[in-house]
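*Asks:* this is a predicted model, with the sequence first.
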Amino acid sequence: TLIENNVFVNATSPLMTTTHGGYANPVGNDWGGATPELNPGTFTSPPYSYTLGATSGVISAVTACAGTCKITV
């Protein structure tokens, strides 16, 4: 599993694959000073293209779009 461009705030265990099983390949994450416990896997690229937002913009994007009745269709 790719874990890309996430921000973890006040997380003591942001990602744990050694304890609960599974594999993860983190790229570009801000762990907020915590240390993830990882079993790295071999999956590094999905069979489709996509564009990641910058890690530095995650908090403002989530804050701006999170909450009740924020979704517009």
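*Replies:* It's in.
*Asks:* show me the contacts for the closest residue to residue 3 other than its chain neighbours.
*Replies:* Nearest residue to residue 3, sequence neighbours excluded (C-beta to C-beta, 6 or more residues apart in numbering): residue 26, at 4.5 Å. For glycine as for every other residue, the C-beta is placed from the backbone atoms N, C-alpha and C. Residue 26 is in contact with 2, 3, 4, 15, 36, 38, counting by C-beta atoms under 8 Å, 6 or more residues apart in numbering.
*Asks:* can you pick the most crowded of the residues you listed?
*Replies:* Using other C-beta atoms under 10 Å as the neighbour criterion, residue 15 leads these with 21 neighbours.
*Asks:* the nearest residue to that one once chain neighbours are set aside: what's it in contact with?
*Replies:* Excluding its sequence neighbours, the residue lying closest to residue 15 (C-beta to C-beta, 6+ apart) is residue 36, at 3.9 Å. Shown in contact with residue 36 (C-beta under 8 Å, 6+ apart): 13, 14, 15, 16, 24, 26, 29.
*Asks:* any of those residues buried? List them.
*Replies:* Listed as buried from those are 14, 15, 24, 26, 29; burial here means 16 or more other C-beta atoms under 10 Å.
*Asks:* which of the contacts of residue 36 sits closest to residue 61?
*Replies:* For the contacts of residue 36, the residue nearest residue 61 by C-beta to C-beta is residue 29; the value is 15.0 Å.
*Asks:* that older thread, where is pLDDT lowest across the contacts of residue 36?
*Replies:* On pLDDT alone, residue 16 ranks lowest of the contacts of residue 36, at 84.
*Asks:* what's across from that residue in the sheet?
*Replies:* residue 37 (DSSP bridges).
*Asks:* am I right that it is in contact with residue 37?
*Replies:* Yes - taking C-beta atoms under 8 Å as the definition, residue 16 is a contact partner of residue 37 at 4.8 Å.
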